[in-house]
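Engineer: A predicted structure for the sequence below; I have some questions about it.
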Amino acid sequence: MIQELHVMVLHIEHQLRELRQKQRLFQLMPSPGRAVKNCRTDLILLKYLWDAASLALYQMEAWNHVPCSNVNLNEMEERVQRLISMINSLDKRVRRWDVYRDIEAKAKNFLVSLPLIQSLRTPAMRPIHWEELMAKTGVFFDFKELTIENLISLNLHKLPDEVVAIVGKAVRQAQIEEQLTALDKAWDELLLQFDTQQGVDYPSFSVPDIVQVTIEEHQLLLQGLCQNRYVSEYLNEVQAWQKTLATVESVLTMFIEVQKMWRHLQTIFIGSDDIKSQLPRHTQLFLELDGQVKLLLREAARTPYIVPLCCNEGRETALLALQGQLTNCERALEGYMNQKRKTFPRFYFVSTPHLLEILSKASKDPAQIMMHIPRVMQDIATFTLDGYMAVGVLGCGGETFSLSNTVICSSRVEHWLQNCVESVATTIFTLIEQAILSSSGKSKSQWMKQYITQVVLVASHIHWTVDVSSTFHAMEEGNETALKEQHRRCQEQLNELIELVPNSSLTSIMRRRVMNLVIQAVHQTDVLLDLVDKKAESKNAFAWQRQLRHRLNEKTRGVIAEICACSFNYGGEYNGN
């Protein structure tokens, strides 16, 4: 077309030149030929424009059939920008022509579409996303074999926001899919740890710390995914995992609790003859539960992977039933222990685990519960045993003494422990009586070595009480200086005790005994000095009545403590040194 116009313009220009020659021949004004000149200019501009347009169209047409996966979009973008620059460099007069506006619009639309095409090349795009995109644009094609032409035909430049939204959705959903895949893989690898101890035919299990950490992390992850606006395609899977993890957490918690309760009760119901006789029905029930728990542990050891183990049909129900029945055994055991506490009230001060250990082991071997003696008898570390016979006491401070009445440590533990308490008290009273009777004719330093500290202190206080009472009796008979003389004697005894303190040959037990006697003697001396200052003349003086006094009970061979008008029996509990 342009070539034909070129020929026509050449012919017109030739005619114009001939016309001008004839006009000069006849001396006429030559025709300016502006129309012909403008025609030539327009033809040249049209030639340049169509050359540029043809190049641009040829290039874009060549790209249309190239698969998207083989295209270097960065290089393509640079070439399109050069084409646009070339088109824009044309004479400004061509910009009013439709062909210029069309080719410029195509090139610019192509350039705008390239970043969108780049985003659509993401592996996150799934068939559902392509279908959504085609529904938005109204253009349908086979997205399995993508070419540039397919994507350009979508007129992406008209829907840039929609394209960005769809690609963003695809990327977010791909991330969700990756997270769910990682979650699947993580739980495929997590398993329980089982250990079989020597001498038993069943395993025991433990839950690695990483399991609880993983449960918490994945629960938070799934909770976040549920609130994700793009989770709709994976909502069922996410909810299924939430239910699975809730089941895993619940079953593991129950499994751990059942194993703990079972282990705790096993040594009690199976190892204690007393419990078997006292709770026969619950013992039989526990034996049945014992078999069920062992069977459950063996089955679990064969399939240690956590998810299939915990989500096994009926697992949670079975564990819940076991837990309920073991709880019934515990309640029966609690009633049994309360009965023991009523019989031997000191058990109220013993924790339940320690009490159960005492009750389960005492009937077999009393030596196995000696470690718990300080929990029921303060300051007694253990009893010295001769077979099943308690023959002596070892105090927490290291003192030892023999029991005046030995105790047979058999039958029910609460009974023979009560017998031990009574035997200790009887021994203390017997030793106090012996210490009082043997004190005459001996120095205090010799006398105190023969007995334990408590006996020495109580006997010394009884002596002092008797001496002060005798002093008041002497004053009533006319000896006005008796109280001062008693104070002097008490001061001399104190000085004698103080002289023993630096003695390096004293053992730690004896040194503590001497220090206790010094403290007692200082108090007794201060009391006597106060009586002298207040001029007390009889044992009824308030300055004397307000003091704590001890005396022997000749009827019961015990000790009575008195203060003012009150009196009570000394318990005889061993208080150490």
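Structural biologist: All right, it came through fine.

Engineer: packing partners of whichever helix in the chain runs longest?
Structural biologist: Once the chain is assigned using DSSP state H, the helix that runs over the most residues is helix 235-269. With contacts taken as 3 or more C-beta pairs under 8 Å, 6 or more residues apart in numbering; DSSP states H and E, helix 235-269 sits against helix 160-189, strand 204-206, helix 209-226, helix 273-278, helix 280-302, helix 306-310, helix 315-343, helix 352-361. For every residue, glycine as well, the C-beta is placed using N, CA and C.

Engineer: how about a cut-off of 6 Å?
Structural biologist: helix 209-226, helix 280-302, helix 306-310, helix 315-343, helix 352-361 (3 or more C-beta pairs under 6 Å, 6 or more residues apart in numbering; DSSP states H and E).

Engineer: and of those helices, who's closest to residue 194?
Structural biologist: Each of these was scored for nearness to residue 194 using C-beta to C-beta, and the closest is helix 280-302 (4.6 Å).

Engineer: could you list the buried residues of the closest one?
Structural biologist: Under the neighbour-count criterion of 16 or more other C-beta atoms under 10 Å, helix 280-302 has 282, 283, 285, 286, 289, 290, 293, 294, 296, 297, 300, 301 buried.

Engineer: wait, what's in contact with the first one?
Structural biologist: Contact analysis of residue 282 by C-beta atoms under 6 Å, 6 or more residues apart in numbering lists 329, 332.

Engineer: if I look at it, how far off is residue 336?
Structural biologist: Per C-beta to C-beta, to the nearest Å, residue 282 is found 9 Å from residue 336.

Engineer: repeat for the third one
Structural biologist: In this structure, residue 285 and residue 336 are separated by 14 Å, where distance is defined by C-beta to C-beta.

Engineer: what does residue 223 give?
Structural biologist: Residue 223 is 45 Å from residue 336, by C-beta to C-beta.

Engineer: can I get the helices and strands packed on helix 235-269 in JSON lines including distance to residue 182 and mean pLDDT?
Structural biologist: Shown next, in JSON lines, are the helices and strands packed on helix 235-269 (distance: least, C-beta to C-beta, whole Å; pLDDT from 0 to 100):
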{"stretch": "helix 209-226", "distance to residue 182": "9", "mean pLDDT": "89"}
{"stretch": "helix 280-302", "distance to residue 182": "26", "mean pLDDT": "88"}
{"stretch": "helix 306-310", "distance to residue 182": "15", "mean pLDDT": "88"}
{"stretch": "helix 315-343", "distance to residue 182": "26", "mean pLDDT": "90"}
{"stretch": "helix 352-361", "distance to residue 182": "42", "mean pLDDT": "84"}
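
Engineer: give me the element residue 515 is part of.
Structural biologist: Taking DSSP states H and E as the definition, residue 515 sits inside helix 508-533.

Engineer: what about that helix, distance to the chain center?
Structural biologist: Relative to the centre of its chain, helix 508-533 is centred 55 Å away, using C-alpha atoms, centre = their mean, to the nearest Å.

Engineer: so for it, mean pLDDT?
Structural biologist: Throughout helix 508-533, pLDDT has a mean value of 90.

Engineer: report the buried residues of that helix.
Structural biologist: 509-510, 512-514, 516-517, 520-521, 524-525, 527-528, 531.

Engineer: ok, now stretch 322-340?
Structural biologist: Buried, per 16+ other C-beta under 10 Å, within stretch 322-340: 322, 323, 325, 326, 329, 330, 332, 333, 336, 337, 340.

Engineer: check stretch 475-482 too.
Structural biologist: The neighbour-count check on stretch 475-482 (16+ other C-beta under 10 Å) flags 475, 482 as buried.

Engineer: contacting residues around it?
Structural biologist: So stretch 475-482 is in contact with 471, 474, 537, going by C-beta under 6 Å, 6+ apart.

Engineer: ok, 7 Å please
Structural biologist: Contacts of stretch 475-482 with the rest of the structure, by C-beta atoms under 7 Å, 6 or more residues apart in numbering, involve 471, 474, 483, 537, 538.

Engineer: for stretch 549-557, same thing?
Structural biologist: With C-beta under 7 Å, 6+ apart as the test, stretch 549-557 has contacts from 429, 433, 436, 458, 461-462, 465, 559-563, 570.

Engineer: just how off-centre is it within its chain?
Structural biologist: That offset, for stretch 549-557, works out to 59 Å (C-alpha atoms, centre = their mean).

Engineer: endpoints of it, how far apart?
Structural biologist: Between the opening and closing residues of stretch 549-557 lies a distance of 17 Å (C-alpha to C-alpha, to the nearest Å).

Engineer: average pLDDT for it?
Structural biologist: 84.

Engineer: tell me the secondary structure for residue 504?
Structural biologist: coil (DSSP: H, G, I helix; E, B strand; the rest coil).
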